[in-house]
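>>> Fold the following, please.
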Amino acid sequence: MDPIFVSAGVMIAVEALGLVGLWLRLRSSLRQEDAHRQMLVDVVRTVPPGGALLEQRADGAALAMVVAPVPLD
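Modelled structure (predicted):
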């Protein structure tokens, strides 16, 4: 087998593995974002109108929220 073809094959394999690694990181980030979004939706649904919430998470994320009462016209 020609060494040039072997080198080309190795380079293609390395690039493919790099792309797979990036895809896995992106997938993980999207799952974390979805979980965070769902947590925010759940919090908004549970805090009563006129209530407030301050949360500091272990990963450094913070959430401060005041739910304004909805005027009934």
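
>>> which residues in this structure form strands?
Secondary structure of the chain by DSSP state E: the strands cover 52-56, 62-66.

>>> can you list the ones you listed in CSV and add mean neighbour count?
Every C-beta, even on glycine, is put in place using the N, C-alpha and C of the backbone. Output for those, formatted as CSV (neighbours: other C-beta atoms under 10 Å):
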stretch, mean neighbour count
strand 52-56, 10
strand 62-66, 11
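
>>> Figure out which of those is closest to residue 9.
Comparison of those against residue 9 by C-beta to C-beta identifies strand 62-66 as nearest, at 49.1 Å.

>>> Residue 25 and residue 39, how far apart?
21 Å (C-beta to C-beta, to the nearest Å).

>>> Revised request: answer the last question for residue 57.
For residue 57, the distance to residue 39 - C-beta to C-beta - is 9 Å.

>>> So for those two, which residue has more residues nearby?
Counted by other C-beta atoms under 10 Å, residue 57 and residue 39 do not tie: residue 39 has more neighbours, with 14 against 10.

>>> And the more buried one, how close does it get to residue 33?
If you go by C-beta to C-beta, the gap between residue 39 and residue 33 works out to 11 Å.

>>> Tell me where the model's unsure across the chain.
Applying pLDDT under 70 to the chain flags residues 72-73.

>>> need the helices for it, in chain order.
3-46 (DSSP state H).

>>> one step back: can you say which of the strands of the chain is nearest to residue 14?
Evaluated with C-beta to C-beta, the strands of the chain place strand 62-66 nearest to residue 14, the distance being 40.2 Å.

>>> List of residues touching that closest one?
Strand 62-66 has contacts (C-beta atoms under 8 Å, 6 or more residues apart in numbering) with 40, 43-44, 47, 51-57.

>>> which ones are touching the most centrally placed residue in the chain?
The residue lying closest to the centre of the chain (C-alpha atoms, centre = their mean) is residue 33, at 2.5 Å. Going by C-beta under 8 Å, 6+ apart, residue 33 touches no other residue.
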